[in-house]
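# this one's sequence-less:
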């Protein structure tokens, strides 16, 4: 169990890091970079199938399969969007998923309920991330995917999903967001997103142009300490999963270094790459200069 004072100091440090970052380089201020709609418009391959992992229309995903017989290693892909409806859908990560499929990986690019959707926010969004991952067991009954080689990649707000899914087996069994039988993943990739929701409170409005974390979680960390503890991957370290962090506009190098230090002190392995002179969405856009660095880093994580 982490020392509460250490946790507070870590979160306070992360908050200062993000505050300084936003004062210097607002996430979407540089008009030379791509925006979310630019990435939505990128070409993407057609999925082999679209399946529902729940009863809500938003609880669905696109499975893409590479050529060949398989079974293929599979990557769960989670889009961002400030955890709030209206910002992004899985179309935002369709090009990324297509690029990874072209490299030999099956990809499961998921949609999920967000704050503002019926059932979204706490606990529904976390339950969707969990259910979507576990649904790979059902897909494996008919599709050539290898459940022993599962990884998860998340961009921006989806980054916390990737790290959190990796932490699920370490959550207490009574947690309402854990699920009964969490499917294990071998690697988690955070693409330029915060790894701690509590530290992001107050800074989220600078990135998303409105407060999003407190509505998403149903209260502040002081109001809902148990919720934030369950939602914070490092509070359950070691995760026994290789973690890969891509630092750019939102996840600055100081924040990535702080995450790496704490995770490795708990016994985990964390790899970090820094992307400079690129926007928050350039890094998930195949064909950009940033993607030439991002793609091999992700592929190394998936092949680890």
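That came in fine, so what should we check first? Here the structure is a predicted model, which is why all the values come from computation and not from measurement.

# rest of the way, CA atoms for contacts and neighbours
OK.

# For the nearest residue to residue 193 once chain neighbours are set aside, which residues are in contact?
Leaving aside its sequence neighbours, residue 193 sits nearest to residue 156 (C-alpha to C-alpha, 6 or more residues apart in numbering; 4.0 Å). For residue 156, the contact set (C-alpha atoms under 8 Å, 6 or more residues apart in numbering) comprises 79-82, 190-194, 250.

# Could you rerun that using 7 Å?
Contact partners of residue 156, counting by C-alpha atoms under 7 Å, 6 or more residues apart in numbering, are 80, 191-193.

# Tell me, how many residues neighbour residue 229?
By the measure other C-alpha atoms under 10 Å, the count of residues near residue 229 is 17.

# can I assume it sits in a strand?
No - assigned with DSSP: H, G, I helix; E, B strand; the rest coil, residue 229 falls outside any strand and is helix.

# mind listing the helices for the stretch 151-300 of the chain?
Under the criterion DSSP state H, counting those that start in this stretch, the stretch 151-300 of the chain carries helices at the ranges 157-167, 197-200, 204-208, 213-217, 225-231, 253-265, 291-303.

# Could you name the helices and strands sitting against the second one?
Counting by 3 or more C-alpha pairs under 7 Å, 6 or more residues apart in numbering; DSSP states H and E, the packing neighbours recorded for helix 197-200 are helix 4-24.

# Following element in sequence after the helix it packs on, please.
Beyond helix 4-24 on the C-terminal side, the first helix or strand identified by DSSP states H and E is helix 36-40.

# so residue 112 touches residue 126, yeah?
No - under the contact definition of C-alpha atoms under 7 Å, residue 112 does not touch residue 126, with a separation of 9.0 Å.

# Compare neighbour counts for the two and give me the winner.
With other C-alpha under 10 Å as the criterion, residue 112 and residue 126 differ in neighbour count, and residue 112 comes out ahead with 28 against 23.

# so what pLDDT did that one get?
You'll see residue 112 listed with a pLDDT of 98.

# Tell me which helix or strand it sits in.
Taking DSSP H and E as the definition, residue 112 sits outside all helices and strands.

# Backbone torsions only: list them for it.
The phi and psi torsions at residue 112 (degrees, to the nearest 10) take the values phi -160, psi 160.

# Residue 148 now?
Taking degrees, to the nearest 10, you get phi -90, psi -10 for the backbone angles of residue 148.

# Can I get the contacts of residue 156 in JSON lines including neighbour count?
As requested, these are exported to JSON lines (neighbours: other C-alpha atoms under 10 Å):
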{"residue": "80", "neighbour count": "23"}
{"residue": "191", "neighbour count": "30"}
{"residue": "192", "neighbour count": "28"}
{"residue": "193", "neighbour count": "28"}
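
# Turn these into TSV, including distance to residue 43.
Putting the contacts of residue 156 into TSV (distance: C-alpha to C-alpha, whole Å) gives the following:
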residue	distance to residue 43
80	19
191	20
192	22
193	24
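
# and the gap between residue 302 and residue 262?
With distances defined as C-alpha to C-alpha, to the nearest Å, the gap from residue 302 to residue 262 amounts to 23 Å.

# which one of these two has more residues nearby?
For residue 302 versus residue 262, the count of surrounding residues by other C-alpha under 10 Å is larger for residue 302: 24 against 19.

# Now do the contacts for that one.
Taking C-alpha under 7 Å, 6+ apart as the test, what residue 302 contacts is 151, 187.

# now it: how far from residue 236?
Summarising the geometry, the distance separating residue 302 from residue 236, computed by C-alpha to C-alpha, is 22 Å.

# ditto for residue 140
Between residue 140 and residue 236 the distance, using C-alpha to C-alpha, works out to 29 Å.

# For those two, indicate the residue with more neighbours.
Comparing residue 140 with residue 236 by other C-alpha under 10 Å, the one with more neighbours is residue 236, at 21 against 13.

# Tell me if I'm right that that one and residue 168 touch.
No - in this structure, residue 236 sits apart from residue 168 without contact. The criterion is C-alpha under 7 Å, and the distance is 8.7 Å.

# so what's the residue nearest to residue 193 scoring on pLDDT?
Confidence at residue 156, expressed as pLDDT, is 97.
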